[in-house]
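Novice: Build me a model from this:
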Amino acid sequence: MNVVDLRSVSFRYAGSERNVLSDINLKIEEGESVLITGPSGCGKSTIARVIMGLIPHSYPGDFSGEAYVLGMNILENPVSRIATNCGIVFQNPENQLFTFSVEDDVAFGPENLALPPYEICRRVDESLRLVGIEHLRHASPNSISGGEQQKAAIASIISMHPSLIIFDEPTSMLDPSSSASLIQSIFRLKESLREMGKEITLIIIEHRINLLINHISRMIVVSDGKIVLDGDPMTVLNESFERRIPINIPPLLRIYFRIKDRCGLEKPPRSLQELLSYLREDGWGRNG
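Specialist: Have a look, this model is predicted:
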């Protein structure tokens, strides 16, 4: 089943003279882990807002095309209904944490679904455990670190049992170490949920490609409001390099793409040491 199905979607924010999205066609299937990347201001976050139904319901502007999420037409369904099946974690988690404790934030969604108390408690316990912040249950969201706030925001989404989770630049406010830890947590979560029989689809909007390259199944590059590349991550990165699309290709892969044909390299290295090993095996050091 297509979790996301965008058909010729275009959008222009009210007061703007140009489209921020132009003729977007996008299908994402159940269970995929998709990275959407591209230069700043290219329309990545706007795609997320369309998928969540925030556009056109909450952001005024000119919308055209068709958009379906889990079979729901976003034009015919309120954001509240879409949000029961789809969750989004924004760049700044403080925007999603508004109660006096992490526990209350995680319980907020299930409470609004009018679930019985025992089910709310079960979901809170489960969500806190899955993201590894049981010890922060009674902490104030304002007193914890940025990485912990991100995990609390993720837990508040998980407690709704969504089929789709969108992360809009989740590492933008984190240092490199915290960023790597968060990304690893996201994919451990996906695997844990799969083991529990719950398949979720992930869409991650992110600049730091190096953190995600070993986890994603598909990569989409957006430029000037259009999808310019879509497919296998390594193929997309190679084409981005050749076409000089300004995205953050990991330095090791930039070296690989630059020399792979001349040196006869058949597969990308996982480390600098592995790249040097390839070159020694091919006699690159002797042949110059």
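Novice: and Val89, what are its phi and psi?
Specialist: phi -110, psi 120 (degrees, to the nearest 10).
Novice: doesn't Ala152 make contact with it?
Specialist: No - counting by C-beta atoms under 8 Å, Val89 sits too far from Ala152 to count as a contact (10.1 Å). Quick note: C-beta positions are derived from backbone N, CA and C, even for glycine.
Novice: Who has more neighbours out of the two?
Specialist: Neighbours per residue, other C-beta atoms under 10 Å: of Val89 and Ala152, the larger number sits with Ala152, 26 against 20.
Novice: Buried residues in the one helix or strand the more buried one maps to, which are they?
Specialist: Ala152 is part of helix 146-158 when elements are defined by DSSP states H and E. Using 16 or more other C-beta atoms under 10 Å as the test for burial, helix 146-158 gives 146-158.
Novice: for the helix or strand just after it, packing partners?
Specialist: Read in the C-terminal direction, the helix or strand following helix 146-158 is strand 164-168, with elements assigned using DSSP H and E. Contact here means 3 or more C-beta pairs under 8 Å, 6 or more residues apart in numbering; DSSP states H and E; on that basis strand 164-168 packs against helix 44-51, strand 86-89, helix 146-158, strand 201-205.
Novice: can you redo the ones you listed as TSV with distance to Phe187 and mean pLDDT?
Specialist: Output for the helices and strands packed on strand 164-168, formatted as TSV (distance: least, C-beta to C-beta, whole Å; pLDDT from 0 to 100):
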stretch	distance to Phe187	mean pLDDT
helix 44-51	19	95
strand 86-89	14	92
helix 146-158	12	90
strand 201-205	8	96
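Novice: quick one: the strands in the stretch 101-250 of the chain?
Specialist: For the stretch 101-250 of the chain, the strands defined by DSSP state E, counting those that start in this stretch occupy 164-168, 201-205, 218-223, 226-231.
Novice: Using a markdown table, lay out these together with mean neighbour count and distance to Val3.
Specialist: Output for the strands of the stretch 101-250 of the chain, formatted as a markdown table (neighbours: other C-beta atoms under 10 Å; distance: least, C-beta to C-beta, whole Å):
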| stretch | mean neighbour count | distance to Val3 |
| --- | --- | --- |
| strand 164-168 | 23 | 5 |
| strand 201-205 | 23 | 5 |
| strand 218-223 | 22 | 12 |
| strand 226-231 | 17 | 15 |
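Novice: Tabulate the ones you listed (TSV), appending distance to Phe257.
Specialist: Compiled in TSV, those are given as follows (distance: least, C-beta to C-beta, whole Å):
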stretch	distance to Phe257
strand 164-168	27
strand 201-205	23
strand 218-223	15
strand 226-231	14
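Novice: Those: which one's closest to Pro116?
Specialist: Each of those was scored for nearness to Pro116 using C-beta to C-beta, and the closest is strand 164-168 (24.4 Å).
Novice: can you list the domain ranges for the chain.
Specialist: The record's domain parsing of the chain by automatic domain parsing lists 2-247, 250-288.
Novice: Please identify the buried residues of the shortest one?
Specialist: By neighbour count on 16+ other C-beta under 10 Å, the buried set for domain 250-288 is Leu252, Leu253, Tyr256, Phe257, Lys260, Leu265, Pro268, Pro269, Leu275, Tyr278, Leu279, Trp284.
Novice: any idea which element the second one lies in?
Specialist: Which is Leu253. For Leu253, the secondary-structure element it belongs to, assigned by DSSP H and E, is helix 251-263.
Novice: Out of the domains of the chain, which one sits most buried?
Specialist: Of all those, domain 2-247 has the most neighbours on average by mean count of other C-beta atoms under 10 Å, namely a mean of 18.
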